[in-house]
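**Student:** what would the 3D arrangement of this be:
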Amino acid sequence: MDPVKKTAKELKAERRALQERQRAEKAARAAGNAAVPSKKPASGSGASSTVGSTTATSTTATPLSETSGSTKTTDSKQRHSLTKEINNKEINNKQVDMFSHLEITKGANTGLAPKEIHPAILVLGLQFSEFKICGANARCIAALTAFQKVIQDYKTPEGTTLSRHLPTHLSPQITYLVNARPMSVGMGNAIRHLKWEISTIDIEMSDDEAKKLLCEKIDNFIRDSITVADRVIVEYGLQKIQDGDVILTYARSSVVQQLLLEAHTKGIKFKVIIIDSRPRLEGKKLLNCLVNAGINCTYAFLHAVGFAMRDVSKVFLGAHAFMSNGALYSRVGTAMVAMMAKEKNIPVIICCETYKFTDKVQLDSFVMNEQGNPNDIVNISTTLTPKPGLLSEWLNKPDLKLLNLLYDLTPSKYITTVITEVGMIPCTSVPVILREYK
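**Tutor:** Below you'll find the predicted structure:
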């Protein structure tokens, strides 16, 4: 028997068993509610005894309702967890073979989280898994801010020191975030920097002083590596924008958005073409921001990039990470935009902070990548009230598989220059920056 069909049958049986269990629990709760009749106090001579019996019934019914409520909550969590587990199994069994080594993000499971996980990390993991916080800079700032709360609430156990025990306390917090969604390169570099700062703390320093110092170090990292770095990148980027330019950008990069807004504030006359793609449609947020600022914008999808390139003078793109071989790792679709611009001899300018540089070398988008939930690309309806489309039953079609890659790799030959806080450099100088500023 075909193992794929057998697995599908097993999953179908599990769903049927889950539905039967839910119906049985619902019938049991209905029977339990019917067994406790509501009594009203009667008027007349027997009023006192009736009131007494009603009071007695009320006192015994209160713990019963509390128990029923807690049982209902527990059952709801178990059903939700079991349904989520079945869905994850179905999706994992329908992976594209070439990308089967990339695990699909399961999302944050707050119900089964270990007790040592801080509430701020639980909330952050849920926001990461649901893509409520997107972008390398936003994710890094949110993670470091959550770690500040963890450090503030931390207490060093007896018989050890903060510099030795705190990294052990942070490890499960980091693991939980990674399980919610794979860590970005910038987050990894920031966490390594935090661990290094912890290791340099004087063991003679009191816990309160050490925690205050660590929180200041985190604030300094956010200020120097992200906030101030973005301001410097914007100042360098203004040198590349002149009156009459038609600038094309893809999706939404926070530093590119700051650059375009600053250029408009300086009085430079230019137009912007925003290229976007499903399923995140991040470019809509950038479009809304630029239009509200009074910038002339055009919005198009990725399949129209060839047509949109006809009038473009420069391409500005953001970055998720830069590899030491000069390759750009960014949201999927970036490579297509850069290659099309190179074909038209249009300069491709990347805005990237140096904390996103990494020693890793990557030659393609297959070995290392992040795979999103395929269900995100199922809905193809453009109406305000989406209706089930042709892909709504894709899990029940054995010959249909969906792939939702989040990133791609752009080779260095398609990139003109990289604007960083240390200056404008060719992308082949990434290893030099890593060596000199590490």
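**Student:** is it true that P411 touches Y329?
**Tutor:** No: P411 lies out of contact with Y329 (CB atoms under 8 Å); the separation is 11.2 Å. The C-beta positions use only the backbone N, C-alpha and C, and glycine is treated the same way.
**Student:** which residues of the stretch 1-150 of the chain score low on pLDDT?
**Tutor:** Along the stretch 1-150 of the chain, the parts satisfying pLDDT under 70 run over 1-9, 30-90, 105-113.
**Student:** run the last query once more with 80
**Tutor:** Residue ranges of the stretch 1-150 of the chain with pLDDT under 80: 1-16, 18-20, 22-94, 103-114.
**Student:** re the thing from before, which one of P411 and Y329 is surrounded by more residues?
**Tutor:** Using other CB atoms under 10 Å as the criterion, P411 and Y329 rank with Y329 on top: 25 against 17.
**Student:** not counting sequence-adjacent ones, nearest residue to V378?
**Tutor:** L391 (4.6 Å; CB to CB, 6 or more residues apart in numbering).
**Student:** assign a three-state SS to that neighbour, would you?
**Tutor:** What DSSP: H, G, I helix; E, B strand; the rest coil gives for L391 is coil.
**Student:** how many residues are close by it?
**Tutor:** Counted with other CB under 10 Å, L391 comes out at 16.
**Student:** which phi and psi does it have?
**Tutor:** Backbone torsions of L391, given as degrees, to the nearest 10, read phi -100, psi 0.
**Student:** same for the host helix or strand of Q257, what does it pack against?
**Tutor:** Assigned by DSSP states H and E, Q257 belongs to helix 254-265. With contacts taken as 3 or more CB pairs under 8 Å, 6 or more residues apart in numbering; DSSP states H and E, helix 254-265 sits against helix 136-152, helix 228-238, strand 245-250, strand 270-276, helix 283-293, strand 314-317, strand 348-351.
**Student:** what angle separates that helix from strand 270-276?
**Tutor:** Per axes from the mean of the first three to the mean of the last three CA atoms, to 10 degrees, the angle that helix 254-265 makes with strand 270-276 is 160 degrees.
**Student:** Y299: what's it in contact with?
**Tutor:** Going by CB atoms under 8 Å, 6 or more residues apart in numbering, Y299 touches I274, D276, G283, K284, L287.
**Student:** for the last one, what are its contacts?
**Tutor:** If a contact means CB under 8 Å, 6+ apart, then L287 has I274, D276, C297, Y299 as its contacts.
**Student:** filter these down to the buried ones, ChimeraX style.
**Tutor:** Of the contacts of L287, the buried ones go into a single ChimeraX selection, burial set by 16 or more other CB atoms under 10 Å:
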select :274,276,297,299
